[in-house]
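Visitor: dropping a prediction and its sequence here:
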Amino acid sequence: MSTQLSPEMSLLLSKMTDQLNIQTNTITENITAAVLQKVDEKILPIIEENKRLKGEIEKLSTKIQNLETNSKRKNIILHGLPESNEETHEDLTTLVTSTMKEIDVQLEYGEIDRLQRLGKKVNEESKTRPILLTTTTLQKKIQILKNKKKMKQNTYITHDLTKAELQLKKEKRHMDIKENEKRKRSETPSPGTSNAKQNTPKMQRKNAFQFMRERAYSLSDKNTYRN
């Protein structure tokens, strides 16, 4: 047998339930805020340390890039020079010095700090490897670069760039290609524009003929009126 609550009891129960819900929400919010505060207290030092470490990494990365760039200041790379299967260091030195002589640069043995082929030769049919040349002075490198246009066909000289510099060069080349394509598209007339230009002279001739015919009719009408 169910018991029917009086209106006063129902209202009191409803108020108590609402008050209980309010207290529960308050307790939950306080606990959440306290937990978050504790978490923040633990995490904030970690975040600050992470920021500091990122700054240190960026500084070290910059220093490494500068050191790498400085280490390549006197480097040049020679491309396309023939490579024999049994090439010795003496053969390579003779090849490079004779090549420099052909472009009017006198390169003495004492002016060579480092000389080697780049990459590993897999087999006899492998592609000819480029040559890294490090001069003892920056002036000698500059002299070689000034005369690099005198190199024989299919041979050339480039700077020894770092990975970061190569990436920037690649991105710049990609941007230049996109700009050229965009410029070509803007300079190419659309088919509608081309047809309009082709039709313009015909329309002008037609309009001129129509004008002359209407002019002739007008003069004829005037003469008829006078007669």
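Guide: It's in. Numbers count the residues shown, from 1 in each chain.
Visitor: mind checking how far stretch 129-149 is from the chain centre?
Guide: Stretch 129-149 sits 28 Å away from the centroid of its parent chain (CA atoms, centre = their mean, to the nearest Å).
Visitor: any idea how far the residue nearest the centre of the chain lies from K178?
Guide: The residue lying closest to the centre of the chain (CA atoms, centre = their mean) is E171, at 3.0 Å. Using CB to CB, to the nearest Å, E171 is found at 11 Å from K178. Glycine gets a C-beta too; all of them are placed from N, C-alpha and C.
Visitor: next secondary structure after the longest helix along the chain?
Guide: If you go by DSSP state H, the chain has its longest helix at helix 7-71. Using DSSP states H and E, the helix or strand that follows helix 7-71 in sequence is strand 75-79.
Visitor: so what touches the helix or strand that that following strand is followed by?
Guide: Under the assignment DSSP H and E, the closest C-terminal helix or strand after strand 75-79 is helix 89-102. Outside helix 89-102, the residues within contact range by CB atoms under 8 Å, 6 or more residues apart in numbering are 78, 81-82, 84, 106-109, 112, 115-117, 131, 133, 144, 150-152, 155.
Visitor: got it, and stretch 52-66?
Guide: With CB under 8 Å, 6+ apart, stretch 52-66 has contacts from T162, A164.
Visitor: begin at 342 from here
Guide: Will do, 342 is the new start, and the previous item becomes stretch 393-407.
Visitor: count the residues that sit near the spatially closest residue to E449 that is not a sequence neighbour.
Guide: With sequence-adjacent residues excluded and distances taken as CB to CB, 6 or more residues apart in numbering, E449 is closest to T438, at 7.9 Å. Using other CB atoms under 10 Å, T438 has 17 other residues around it.
Visitor: residues contacting T503?
Guide: Q406, E409, T410, K413.
Visitor: just among the residues you listed, which is most surrounded?
Guide: K413 (17 neighbours).
Visitor: in the chain, which ranges drop under the pLDDT threshold?
Guide: 342-344, 346, 530-568 (pLDDT under 70).
Visitor: rerun at 90
Guide: Residue ranges of the chain with pLDDT under 90: 342-392, 402-403, 405-407, 409-410, 412, 425-427, 460-469, 502-568.
Visitor: how near is L509 to R414?
Guide: With CB to CB as the criterion, L509 and R414 are 18 Å apart.
Visitor: same check on N371?
Guide: 65 Å.
Visitor: L401 too?
Guide: 21 Å.
Visitor: and if you look at S347?
Guide: Taken as CB to CB, the span from S347 to R414 is 97 Å.
Visitor: which of the two has more neighbours?
Guide: R414 (12 against 8).
Visitor: which non-adjacent residue is nearest that one?
Guide: According to CB to CB, 6+ apart, the nearest residue to R414 is L479 (6.2 Å).
Visitor: contacts for the helix or strand encompassing E522 next, please.
Guide: Using DSSP H and E, the element containing E522 is helix 504-528. Residues outside helix 504-528 that contact it (CB under 8 Å, 6+ apart) are Q406, T410, L502.
Visitor: thanks again, I'm all set now.
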